[in-house]
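Q: I would like the atomic coordinates for the input below:
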Amino acid sequence: PPPPHARPDPLGAAKTFLVPVARIRRPLARTRANDGAKVEALARSIAEEGLRVPIDVLLVEGEYYGFSGCHRFEAHQRLGMEMIRCRVRVATEAVLRAHMR
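A: This next block holds a predicted model:
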């Protein structure tokens, strides 16, 4: 079954799901800035062709955490898209803490 708040991605593989953008926490977003020009280029591409490569998220105790795909994630936000294609990996709090370092 799909993870909480997600639904199967009709274009993706077994571990790829559509996850609400608003449900994904970006704990390192405050410490890392995205390249605005890259985000704009991705937004144009996503608007025309869709997202080619899903972002990776961790699912820890029912919450989604994103650490990669920062530019793709921000492009979705700028486009006002509600869902984003994600490869979801179920993880423990210890794995989450390791990503936070």
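Q: mind naming the longest strand for the chain?
A: strand 83-90 (DSSP state E).
Q: direction included, what does that one pair up with?
A: Its sheet considered, strand 83-90 pairs with strand 16-20 (antiparallel), strand 55-60 (parallel) by DSSP bridges.
Q: what residues does whichever helix or strand comes after that strand touch?
A: Counting by DSSP states H and E, the next helix or strand C-terminal to strand 83-90 is helix 93-100. Here helix 93-100 makes contact (CB atoms under 8 Å, 6 or more residues apart in numbering) with 27, 28, 58, 60, 61, 65, 67. In short, each C-beta sits where N, CA and C put it, glycine included.
Q: among the residues you listed, which one lies nearest to residue 92?
A: residue 60 (6.9 Å; CB to CB).
Q: pretty sure residue 78 is touching residue 43, no?
A: Yes. Applying CB atoms under 8 Å, one finds residue 78 in contact with residue 43, separated by 5.2 Å.
Q: okay, these two: which has more neighbours?
A: residue 43 (19 against 15; other CB atoms under 10 Å).
Q: mind checking the pLDDT average for the longest strand of the chain?
A: If you average the pLDDT over strand 83-90, you get 92.
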